[in-house]
Structure formats: structure tokens, C-alpha cells
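Colleague: sequence and computational prediction follow.
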Amino acid sequence: MKLPILPGSTIGVLGSGQLGRMFAISARRMGYRVHTLSPDSDTPTGQVADVEINAAYEDLDAVRAFARAVSAVTFEFENVPAATAAAAAEYARVRPSGSILHTTQHRLREKTFLANAGFPLAPFHPVRTADDLAAGLARFGYPCVLKSAGFGYDGKGQVKISAPSEAAAAFDSMPGAAAVPDAVLEAWVDFERELSVVSARAADGSAVHYGPMDNTHRNRILDIAVSPAPIGPRVSREAIAIASSVLEALDVVGVLCVEMFLTQSGKLLINELAPRPHNSGHLTVDACVTSQFEQQLRAVCGLPLGSPELLRPAAMANLLGDSWANGEPRWAAACAHPQAKLHLYGKLEPRPGRKMGHITALAETAGEAERLVRAARGSL
Ligand code: AMP
């Protein structure tokens, strides 16, 4: 096994959003330096990193120079081209590996991998032509959801098809429809709730798991995450067992989140994977012995993982750009809720649907924590 990368070393982050920012805060707290590379400037990560490099992910010379200056490279944005991860790997340890990104950044590859490995998934059907779509709809009936295979997150590139008359417009809306679209039709899952397990796995194969978190989405974007989830021990054990097996199957060194549906009949189905800390794990910063970002750092550096123990029931509410519709939110009003912890990402433009920050609260029960974060957010 490679020697651990110790405090004082420099870690590179590809991507520069809030996940990189919270990673950088954790890393700096432990005495590491952080460099970030992305096409943007004055970014959430760059604002707290030691060095912010402004370059396209396709600029492989810039990526190589970035990797030369650091001991390890990790990601906060998983949709970087495979060539970018490969160029970085010429000079630095890259965790998780480029091959994991390759699998998880494309829905069809990810689902095919999971299905072949025997994981439970909602039925899916690859769609490249209108005939494929018709065949998938004939297989599953209505409603279904058509998802673009690449670059999908927060429900982007997704259309629900509730009737035959909606199929053509859904097909045309897929990116690349004029050439060859690359999409997946999924049967609609009438879920009881959505759960996620955030896990970290070290180079020696040891792993820790948070959750499951109970996630509520609004307009297909995570709205509230709560831990512990209001589920029984059987579902909780099964969800963690699934996550653990996914990390093994992908040989992840780093953090990975498995998002799942819990169906009305009590079955767990994987919705998608994110090979990095996840929005549903943000509450681990305030509520757990070790946050998901510190686990990412430890795993990437080859250090032992920390305890994922939840210190108290907790909830997190996302703050989207919509909260700025009537001007700057009333931060002092949120801070007047003494249990609420306000996290803002330093984003300069509050667009609707854009994740700008979140609020976390801890309480005696998960239900009370959820009430607190909703109240704090409501007061903005
Ligand atoms: P995704 O980007 O695939 O995670 O989808 C975003 C959200 O859309 C999910 O968290 C669900 O709330 C909803 N969704 C996605 N796929 C399905 C499905 N097959 N059935 C029901 N709801 C879905």
C-alpha cells in the first residue's frame, strides 16, 4: 500500500463548487493545502483554497501542471472528461479512479454495470431512436421517465412521460436528439420514500457508512435530508449492505453516495450513484464525529477513516437561488434560530434552482430537527 499523504501536503480538487469548498475547509482544518481547477473564477472552492486555477477540463497541459503541484487529485465534479483524469494520473494519485467516473458519469453505463452485478434497480431501457422509446414504453406502460444518459443531475435532462401523446416531445427534448440521443427510459417507481447511503472506503478496503438519510425532493432537487431515516432496522441494514457492495464492486477509494427508492412493498432499488460527497450528506458536517468531506480527505490520503457516528438526530434544508427572489434573504432572521447552522457557498449569482447554501439543525428527534430547519429557512 502507498504511504499516506500527510498533513502539510497539497491536495488538488477538480471542480470548484460547494462540495470542493466543504472539502477544502476540512482539508485546511487538518493542515493540508488545497488547489482547485475549474473553468470558473472566484468559485466556492477557490475562495477557500490556497490556489485557484482557471482552466478548461479539456486543457490537458493545465491539468498536468495542476497535478504536478499536488500529491493527490480528487473530484468534486464527476463529469470531467476521462482524458482529464488520465492526464492528472500521470503526475498524482487520483481518487476515486478515472474508471469509476467513467462508469458513473453515464446513466446507461452505470445502470448496465449495476444490473450486471445483480443490484436491484428500476427496470430501464436504452433509448437512441424513437423506435427504442416506443419499445420501452410498450414494455413499461405509463408513466415512465426518460433521462439523458450523460450530464444529468438534479433532475436535469429528465422528462416524465404520462401518456403516448407526450412521447415525441420527450424524445425531442433529449440533448443530442437531432443527431443520436443517448438516453434511458425508466419505469416509474411509486416509492414510499427516497433514501441515500453515503459511504467512504479506504485503500485497504475498510469502509464506513452514514445513514441511511431520508431525502425529500422538490422539483427533482433535494430539498430536505433527515437522519436517522424513519425506517426499520431491516431496511436500514439492507440499504447499507447495498452501498457496501457497490463500493466493493467499483473498488472505490473515496466517498460514494448510493441514492435509492424504498418502494411501497418495502424493496430497495438503486436510483443513482455519485462518486463523491453528496448533498444528502451535508448534515454530517454538523452532526457526525467525522464529516463526509473529512472521510474523502482521509480516503484520498490513505489515512484511516474516521467514525461516521451521528451525534444527534439531524436535518438539513437546502437553500436555492429562489430564496433571493425578493432580494437578499434575511440572514439575521435565520440566525435567530439558535439551533440552526447556516452554510453559504459564496456563489455570486443566485439563479432559481441553484444550490446556494443549506441549513442544518440537531435535535432530540429527527422530526424536531426537520421542524427546526424548515422554520429557520422559512424565516429568511
Ligand atoms: P435523478 O436525477 O435520477 O436522481 O432524479 C431526480 C429525482 O426525480 C429523484 O430523486 C426522484 O425524486 C425523481 N425520479 C427519478 N427517477 C424516478 C423514477 N423512475 N420514478 C419516480 N421518481 C423518479
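Modeller: Cool, got the structure.
Colleague: please report how far W331 lies from the ligand.
Modeller: Distance, W331 to the ligand, by Cβ to the nearest ligand atom, to the nearest Å: 29 Å. C-betas here are computed from N, CA, C, even on glycine.
Colleague: can you count the residues close to that residue?
Modeller: By other Cβ atoms under 10 Å, the residues close to W331 number 13.
Colleague: check E110 too.
Modeller: 21.
Colleague: all helices of the stretch 101-250 of the chain, in order?
Modeller: Secondary structure of the stretch 101-250 of the chain by DSSP state H, counting those that start in this stretch: the helices cover 107-116, 130-140, 167-173, 233-250.
Colleague: what angle do the first one and helix 233-250 make?
Modeller: Translated: helix 107-116. 110 degrees (axes from the mean of the first three to the mean of the last three Cα atoms, to 10 degrees).
Colleague: packing partners of helix 107-116?
Modeller: helix 98-104, strand 124-127, strand 183-187, helix 233-250, strand 268-274 (3 or more Cβ pairs under 8 Å, 6 or more residues apart in numbering; DSSP states H and E).
Colleague: for the chain, which residues are neighbours of the ligand?
Modeller: Applying Cβ under 6 Å from any ligand atom, we find that the chain lies next to the ligand at 122, 145, 152, 155, 186, 188-189, 194, 217, 220, 259, 271-272.
Colleague: let me see the contact set for the spatially most central residue of the chain.
Modeller: For the chain, the residue nearest the mean C-alpha position is H278 (3.4 Å; Cα atoms, centre = their mean). For H278, the contacting residues are 196, 198, 255, 257, 259, 292, by Cβ atoms under 8 Å, 6 or more residues apart in numbering.
Colleague: which of those are buried?
Modeller: Applying 16 or more other Cβ atoms under 10 Å to these, the neighbour count classes 196, 198, 255, 257, 259, 292 as buried.
Colleague: so the second one touches V208, yeah?
Modeller: I take that to be V198. No: with contact defined as Cβ atoms under 8 Å, V198 does not count as touching V208 (9.5 Å).
Colleague: that older thread, from the residues of the chain next to the ligand, list just the buried residues.
Modeller: So, by 16+ other Cβ under 10 Å, the buried ones in the residues of the chain next to the ligand are 122, 145, 152, 155, 186, 189, 194, 259, 271-272.
Colleague: can you tell me the closest non-neighbouring residue to C144?
Modeller: I161 (5.0 Å; Cβ to Cβ, 6 or more residues apart in numbering).
Colleague: surely that neighbour touches A170?
Modeller: Yes: using Cβ under 8 Å, I161 is in contact with A170, at 4.9 Å.
Colleague: shared neighbours, those two?
Modeller: What both I161 and A170 touch, as defined by Cβ under 8 Å, 6+ apart, is the set L146.
Colleague: hang on, the earlier thing: now for the helices of the stretch 101-250 of the chain, which one comes closest to I5?
Modeller: Proximity to I5 (Cβ to Cβ) singles out helix 233-250 among the helices of the stretch 101-250 of the chain, at 20.7 Å.
Colleague: what's the helix or strand for E368?
Modeller: Here E368 is covered by helix 366-378, with elements defined by DSSP states H and E.
Colleague: can you list the buried residues in that helix?
Modeller: 366, 369-370, 372-377.
Colleague: of these, closest to the ligand?
Modeller: Within the buried residues of helix 366-378, the smallest distance to the ligand is 17.6 Å, found for E370 (Cβ to the nearest ligand atom).
Colleague: pLDDT value on the nearest residue to that closest one once chain neighbours are set aside, please?
Modeller: Nearest non-adjacent residue to E370, counting by Cβ to Cβ, 6+ apart: A315, 4.1 Å away. What the model reports as pLDDT for A315 is 98.
Colleague: A strand includes A315, no?
Modeller: Yes: checked against DSSP: H, G, I helix; E, B strand; the rest coil, A315 lies within a strand.
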